[in-house]
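Provided below for reference: sequence and predicted model.
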Amino acid sequence: MKLVDHPEVVESLRAPSKEEPWRVLFSACMLGEKVGVDGTDYGMGEGHPEWLKSPRLHRVGFCPEAFKMGVPRTMPDIHGGDGFDVLDGEARVLDEHGEDLTEAMVAGAEAMVEFAKEHQVEWAYLTDMSAACGTQVIFDGCRYDEPPSYQQGVGVAAALLIRNDIPVVSYRDCRTLEQLRLKAQPDSTPDPEAIDHHETQWCRDYFSAAAETDQ
Ligand code: SF4
């Protein structure tokens, strides 16, 4: 499940310690690994809350796209649905040239789930917007279209993690991350103004306008 939708699951997680840290799966680019389509980490290795580097977390990284398609590679985006639809055979993943990457994306997702199980991860900290790792907002079709379109949905790897009962959260879900921090650092005070990505003004404006257009 998405932790943003299930605060009770955050509440029920065990409290981690240095001796028994949380085992957390990271999108590999967010650990600074150069696994992006262009051979960089997209700058995603920086800027995460300090508590995520605490010894109370054991971090393991995996990139489902690089695992299957290598680096560099073309840019995958989902057409006709989100990651769940891809898993169900109702949507496809195409790159910017129209090449079908669906099979590789599903195989990469399966490898990520296998990796997560091997490492007994308790929850996953993922990027957003990615056709593999996105958990809140992803592109609706090719991201290089002008203007690009967005949809609320998950990427292929995020969908398969969810279906395997591995909770996921996006790095943009600040409210939920504050609640996770409180579990890891009980003497911390959560930021009362922190909000999750779907609560941001951009998300509310974009998706309410898109819903009106659809009517
Ligand atoms: S597939 Fe996931 S881990 Fe790999 S570069 Fe994209 S967002 Fe990062």
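Thanks, I have it. Numbering: from 1, shown residues only.

What lies in contact with stretch 85-95?
Outside of stretch 85-95, the residues that reach it under the criterion Cβ atoms under 8 Å, 6 or more residues apart in numbering are 74-82, 100-102, 105-106, 109, 131, 142, 156, 159-160, 163. For glycine as for every other residue, the C-beta is placed from the backbone atoms N, C-alpha and C.

of the residues you listed, list those near the ligand.
With respect to the ligand, and counting by Cβ under 6 Å from any ligand atom, no part of these is in contact.

max-length helix in this protein?
Ranked by residue count, the top helix of the chain under DSSP state H comes out as helix 102-118.

tell me the average confidence for that helix?
This predicted structure assigns helix 102-118 an average pLDDT of 98.

and the next element down the chain from that helix?
Scanning the chain past helix 102-118 towards its C-terminal end, the next helix or strand to appear is strand 123-126 (assignment: DSSP states H and E).

could you check the distance from the nearest residue to Tyr42 once chain neighbours are set aside over to Glu65?
If the residues on either side of it in the chain are set aside, Tyr42 comes closest to Gly36, at 4.7 Å by Cβ to Cβ, 6 or more residues apart in numbering. Distance from Gly36 to Glu65, counting by Cβ to Cβ, to the nearest Å: 9 Å.

Settle it for me: which of the two has more neighbours?
Using other Cβ atoms under 10 Å as the criterion, Gly36 and Glu65 rank with Glu65 on top: 30 against 21.

three-state assignment of that one?
Per DSSP: H, G, I helix; E, B strand; the rest coil, the secondary structure class of Glu65 is helix.

can you give me the helices in the protein?
7-12, 64-69, 83-87, 102-118, 156-163, 174-184, 201-214.

closest to Phe26 out of the ones you listed?
Shortest separation from Phe26 across these is recorded for helix 102-118, at 10.8 Å, computed as Cβ to Cβ.
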